[in-house]
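**Student:** Sharing a sequence plus its predicted fold:
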Number of protein chains: 2
Amino acid sequence: MATTDLSKDLAPIVSNTMADMVELRLREYLKRKSFRPGDALPKELELAEALGVSRNVLREALSRLRMLGMIETKKKRGMVLARPDILGTFERVLDPLIIDNSTLQDIFELRLVLEMGLADLLYIRKTDRDIQELEAIAKKEVNLDNSFRIKNEIAFHGKLYEMSGNDTLKRFQIMLLPIFDYVVSVEPNPTRGDVTHMDLVDILKTGSKDDFKKGMEAHLKPHFDRLR
Amino acid sequence: MATTDLSKDLAPIVSNTMADMVELRLREYLKRKSFRPGDALPKELELAEALGVSRNVLREALSRLRMLGMIETKKKRGMVLARPDILGTFERVLDPLIIDNSTLQDIFELRLVLEMGLADLLYIRKTDRDIQELEAIAKKEVNLDNSFRIKNEIAFHGKLYEMSGNDTLKRFQIMLLPIFDYVVSVEPNPTRGDVTHMDLVDILKTGSKDDFKKGMEAHLKPHFDRLR
DNA sequence: TTTTTGATTATGTACTACAAATGAAAATTT
DNA sequence: AAATTTTCATTTGTAGTACATAATCAAAAA
């Protein structure tokens, strides 16, 4: 074997802190023992002793799991395994100011991908009532000035996600909004697609799924044109 | 004012622990001061004193931010703001055993949405070399037994994400795989679509973007048919 | 039987002490 | 004078003790 790809043979030394390792160990432990939400965990002192660390370090690790919503603790009752909110943790690091430009661009594209792929779910689950509400949003925007138009833009596309009947997707979209706004705000000349929101509503009313896909593609075309 | 919507008047008591509040305060602080990655933070003692909490509590909060990759610390150098890996944190809570069924279903659908929306990026960025590699994967699967076929299935769709040229998207897919596998494994009778992987490759070679979208729709049809 | 009280117990917070690492300054050598 | 080594100071990392707080359970009182 030659000297190529040393990293395969020599894993980088990761000077993990105790809290890091304890966090990992607790994860493994919870998994191995196949704890289910609601199950009670040993108390802090027992865990600390078993792991051979101070209660201090243990609590730093527990604090992380608690933040993620993996565990919940009550004063005398002890700790129980809980269901983490998978998106809640995501939200904490989603700040346009911290994320690097390359990832920002990725997320921008991710939103486009989601929006393009939404059609299939939409045509499975859309209701007349949904379309009415969507139309109301689209109608409102004709006589709005520019500042309110952005809000309306968000409302329209947000309603589309809502109509998908997928709560996780909807929440995901809400979280990505600031990122999306940020990227759009950086764009030099915001152009508009040939297909308007009202056009999309009309398609949803009477058109086929393929019609809608083509319509959405035309609606988002200015964004896609910026990609390479 | 009537007694309706009490929650507007009486905000629910959130018995946050000190660490929770300190975490929040630190977040606000970092944001307000518009710290940038690489900037140095005050030392623990100063922060603890300013916040009026013990160093212990402060460290529990810092431990969380450290886990998220928002800060990094070195022994004498102090703490610096860092760039969190937005997906890394996500990964930590993505365990099919912990996530409730409703969210599992949502994530399953999310994958379908992504896959359907991928076409536009693909047709912007696909290269001949990509298609060759994809074809190699598709060709391999004809004479594989069932256990390896799943791996190949993953390889094929993974390659598609890779061809999108969006690293975040690709990583996202990898993270969602276990969830997807889990949901699929629960399915009673895994049926196959009329359009095979080889068909998709052929479309990519000579067909139009619309052809590919229709092909992918047919390929995933069994999954979509299960939705309501 | 119901209510009250109190003991018990696990988590939450504070404080102190020291180890380890590391960057800077001082001392030494070349 | 420049380079190297040594020493020192500083900041995070870990341990341990002590006490506050809240929730549970059981015993005692009404």
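**Tutor:** The structure has been received and is ready for your questions.

**Student:** Just want the residue of chain A that's nearest chain B.
**Tutor:** At 2.9 Å from chain B, A:Gly117 is the closest residue in chain A, using C-beta to the nearest C-beta. For every residue, glycine as well, the C-beta is placed using N, CA and C.

**Student:** Look up phi and psi at the nearest residue to that residue once chain neighbours are set aside.
**Tutor:** Leaving aside its sequence neighbours, A:Gly117 sits nearest to B:Gly117 (C-beta to C-beta, 6 or more residues apart in numbering or on different chains; 2.9 Å). Note on B:Gly117: its backbone torsions stand at phi -90, psi 0 [degrees, to the nearest 10].

**Student:** picking that back up, what sits against the residue of chain A closest to chain B?
**Tutor:** By C-beta atoms under 8 Å, 6 or more residues apart in numbering or on different chains, the contact set of A:Gly117 is B:Leu112, B:Val113, B:Leu114, B:Glu115, B:Met116, B:Gly117, B:Leu118.

**Student:** what's the helix or strand for the fourth one?
**Tutor:** Okay, so that is B:Glu115. Using DSSP states H and E, B:Glu115 falls within helix B:101-125.

**Student:** And for A:Ile150?
**Tutor:** When elements are defined using DSSP H and E, A:Ile150 is found to belong to helix A:146-163.

**Student:** In that helix, which residues are buried?
**Tutor:** Going by neighbour count (16 or more other C-beta atoms under 10 Å in any protein chain shown), the buried part of helix A:146-163 is A:Asn152, A:Glu153, A:Ile154, A:Ala155, A:Phe156, A:His157, A:Lys159, A:Leu160, A:Tyr161, A:Glu162, A:Met163.

**Student:** And the residue of chain A closest to chain B, how far from B:Thr103?
**Tutor:** 19 Å (C-beta to C-beta, to the nearest Å).

**Student:** what's the answer for A:Leu65, then?
**Tutor:** Taking C-beta to C-beta as the measure, A:Leu65 and B:Thr103 are separated by 19 Å.

**Student:** neighbour-wise, which of the two wins?
**Tutor:** Neighbours were tallied for A:Leu65 and for B:Thr103 using other C-beta atoms under 10 Å in any protein chain shown; the higher tally belongs to A:Leu65 (26 against 20).

**Student:** What segments of chain A are helices?
**Tutor:** Taking DSSP state H as the test, the helices found in chain A are A:6-9, A:18-32, A:44-51, A:55-67, A:86-92, A:101-125, A:128-140, A:146-163, A:167-186, A:197-206, A:209-225.

**Student:** Just the closest residue of chain A to DNA strand D, please.
**Tutor:** When scored by C-beta to the nearest atom of the strand, chain A has A:Met18 as its residue closest to DNA strand D, at 2.9 Å.
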